[in-house]
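Novice: turn this into a structure:
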Amino acid sequence: ADSQNIGSSEQNFVIPLICLFFIILSSLIQLSFVSIMCVYSKLLLFRILNTLNHVILILLITLLKSFPLVSFCHVFC
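Specialist: Presented below is the predicted three-dimensional model:
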């Protein structure tokens, strides 16, 4: 009877360990997925900004030409 109890207690100890292992594994997979998505979105954002850079520069130049924003920038910078 004693040996059976020991066996069941071992089983009770192993099952939570397996569950914990799977929880850790899934969280790691989620973390890696999130980091990959983060890097990908940053790259995508960088690409979009790169293409928009020229447009933004042109807009800034036209704004600087039309308004005294240079002095405005000097006040804040």
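Novice: quick one, helices of the protein?
Specialist: Along the chain, the segments classed as helices by DSSP state H run 2-66, 69-76.
Novice: per-residue confidence for the one residue sitting closest to the centre of the chain?
Specialist: The residue lying closest to the centre of the chain (CA atoms, centre = their mean) is Cys38, at 3.8 Å. Cys38 carries a pLDDT value of 77.
Novice: quick one: it from Phe13, how far?
Specialist: 37 Å (CB to CB, to the nearest Å). For glycine as for every other residue, the C-beta is placed from the backbone atoms N, C-alpha and C.
Novice: swap in Lys65?
Specialist: Shown here: Lys65 relative to Phe13, a distance of 75 Å by CB to CB.
Novice: cool, Val34 as well?
Specialist: From Val34 across to Phe13, the span is 32 Å (CB to CB).
Novice: where does the chain have low pLDDT?
Specialist: For the chain, the stretches flagged by pLDDT under 70 are 1-11, 66-77.
Novice: 50 instead?
Specialist: Along the chain, the parts satisfying pLDDT under 50 run over 77.
Novice: contacts only, for Tyr40.
Specialist: By CB atoms under 8 Å, 6 or more residues apart in numbering, the contact set of Tyr40 is empty.
Novice: ok, Phe13 - contacts?
Specialist: Contact analysis of Phe13 by CB under 8 Å, 6+ apart lists nothing.
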